[in-house]
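Colleague: here is my input, please return the structure:
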Amino acid sequence: MTGTNGGLFAAYKDTWILEGVRTPFADYNGVLGLVSPIDLGIKVARAVFERSGIPPSDVGSVIAGSVAQASFDAFVLPRHIGLYSGVPIDRPALLVQRVCGTGVETISQAADAIALGKIELGLCVGAESMSRNPIAAYTHRGGFRMGQVEFKDFLWEALMDTAPGVTMGQTAEAVAKTYKITREDVDRFAELSFSRAVAAQKACFLSGEIVPLVSETFELAGYRTRGIRLGKGTEKLEMDTHIRPSPYEVLAKIPPAFGGVQTGGNSSAIVDGAAAALVSSGEYAKSRGIKPLARVAAVATVGVPPEIMSIAPAPAIRKLLDGAGMSLDAIDRIEINEAFGAQLISVERELKLDRAKLNVNGGAIAIGHPLAATGLRLAVTLARELRRAKLRYGVASACIGGGQGIAMLLENPN
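Modeller: Predicted coordinates for the structure are as follows:
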């Protein structure tokens, strides 16, 4: 492990993702608009135990993340996810937050705990309700003064990085200028993201990682009942709701959101959702005869200037591959979060990536970006794609608000 020379890097010899699932990702203020992220997290945690056949009693620690304070009990999100999914009451729970990198960070934290001998099995969960982001006031504890009453939209205001005074979208516009990315470039890429996601959905690839949602309750003896209640008129949610045919001609008519190349059509979709994975030591997997989904080979995290946050996956991937002693040529599939179309293209151009290997089943422009859940979705989708295509190595990466990047190297055990 190293924490010098521009970031953090850790390699793991015998750490494995055993199984992973996610909810369908549902459009903002839609069918999941009133559901707490804790309940979404409980659902995917229960589902990953059921799908894997692994008992919750084997979990040594719960590592969970949620970026927004989307419920009044948000402080205890990881604890409640663990308890209501059957993890024994004596097992601790940790809340992690690395903004858009939170999902990858949960896996990294589990891998670190395994490497240190603290646990043999970790439950990793990312859950996010973008719809339930609060309308907030931070200065009124002592009362309200005339002319100084301000309630602001947390979801919108949080897009502003107050250090450089730019929004996340403006960081994409900045790299668009640097890398000479045009509006047509971005819309054409968005068209591709949608078309690939539509194809993956029709081929039932995406459904392989999705647990359908219904209105249900979660019981825990001696404690209050929790649960999920879907939006009125919906009995079951089985598919991502934002995926749709989106031709260039339609995308090109959408007005700019930040005065440049980015629009609501070529930026990540605002959605609600959750994802979970079980991460273990090799000894644990072997002792129970489990065939893992992927090996967690390494993780790297770096910092970049906040005003060019969008380029951060490039140095993160370089740090990852340098540490692992590998070249990009050895990487068969790459999943990079599509926070913004120009952001993704800038990384593609900087690293000279082969688009045929990149986000081959669509990305966040089409599928959506529920902040804390995204990194887990990237890792699970990547692991499943490596298995499907019979390929060996893949990288999952994301840019992170505030000027960070994260990247994870996965290996197909088959």
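Colleague: quick one: P245 is in a helix?
Modeller: No: per DSSP: H, G, I helix; E, B strand; the rest coil, P245 lies outside any helix segment and is coil.
Colleague: and it, what does it touch?
Modeller: Counting by C-beta atoms under 8 Å, 6 or more residues apart in numbering, P245 makes contact with F194, S195, V198. For every residue, glycine as well, the C-beta is placed using N, CA and C.
Colleague: report how many residues lie close to the last one.
Modeller: I take that to be V198. Neighbour count for V198, taken as other C-beta atoms under 10 Å: 16.
Colleague: mind pulling up the pLDDT for it?
Modeller: We have a pLDDT of 98 for V198.
Colleague: and what of the first one?
Modeller: At F194 the predicted local confidence, pLDDT, stands at 98.
Colleague: sorry, back to before: in helices, which of the contacts of P245 fall?
Modeller: If you go by DSSP state H, these have F194, S195, V198 in helices.
Colleague: any figure for the gap between the last one and C124?
Modeller: So that's V198. As judged by C-beta to C-beta, to the nearest Å, V198 and C124 stand 29 Å apart.
Colleague: just the second one next, same as before
Modeller: Plainly put, S195 is 31 Å away from C124 if you go by C-beta to C-beta.
Colleague: counting neighbours, go ahead and name the busier of these two.
Modeller: Neighbours were counted for S195 and for C124 using other C-beta under 10 Å; C124 has more, 31 against 16.
Colleague: any idea how far that one lies from A324?
Modeller: Distance, C124 to A324, by C-beta to C-beta: 21 Å.
Colleague: try G273
Modeller: 30 Å.
Colleague: same question for A314.
Modeller: The separation that A314 has from A324, given C-beta to C-beta, amounts to 16 Å.
Colleague: which residue ranges form the helices in the stretch 201-350 of the chain?
Modeller: 248-251, 282-287, 313-324, 341-351 (DSSP state H, counting those that start in this stretch).
Colleague: would a markdown table of these with mean pLDDT and distance to A300 be doable?
Modeller: Formatted as a markdown table, the helices of the stretch 201-350 of the chain follow (pLDDT from 0 to 100; distance: least, C-beta to C-beta, whole Å):
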| stretch | mean pLDDT | distance to A300 |
| --- | --- | --- |
| helix 248-251 | 98 | 33 |
| helix 282-287 | 98 | 22 |
| helix 313-324 | 98 | 4 |
| helix 341-351 | 98 | 14 |
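Colleague: deepest of the ones you listed, which one?
Modeller: By mean neighbour count, with neighbours taken as mean count of other C-beta atoms under 10 Å, helix 341-351 ranks first of these at a mean of 25.
Colleague: give the other helices and strands that it contacts.
Modeller: helix 168-178, helix 183-202, helix 313-324, strand 393-400 (3 or more C-beta pairs under 8 Å, 6 or more residues apart in numbering; DSSP states H and E).
Colleague: let's see 10 Å
Modeller: The contact analysis (3 or more C-beta pairs under 10 Å, 6 or more residues apart in numbering; DSSP states H and E) places helix 341-351 against helix 168-178, helix 183-202, helix 313-324, strand 333-336, helix 364-367, strand 393-400.
Colleague: export these to a markdown table and tack on distance to S267?
Modeller: Putting the helices and strands packed on helix 341-351 into a markdown table (distance: least, C-beta to C-beta, whole Å) gives the following:
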| stretch | distance to S267 |
| --- | --- |
| helix 168-178 | 7 |
| helix 183-202 | 8 |
| helix 313-324 | 16 |
| strand 333-336 | 14 |
| helix 364-367 | 7 |
| strand 393-400 | 13 |
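Colleague: who wins for proximity to P305 among these?
Modeller: Of all those, it is helix 168-178 that lies closest to P305, at 9.2 Å by C-beta to C-beta.
Colleague: now do the buried residues in the closest one.
Modeller: Of all the residues in helix 168-178, those buried under the rule 16 or more other C-beta atoms under 10 Å are M168, G169, Q170, T171, A172, E173, A174, V175, A176.
Colleague: nice, that's everything, thank you.
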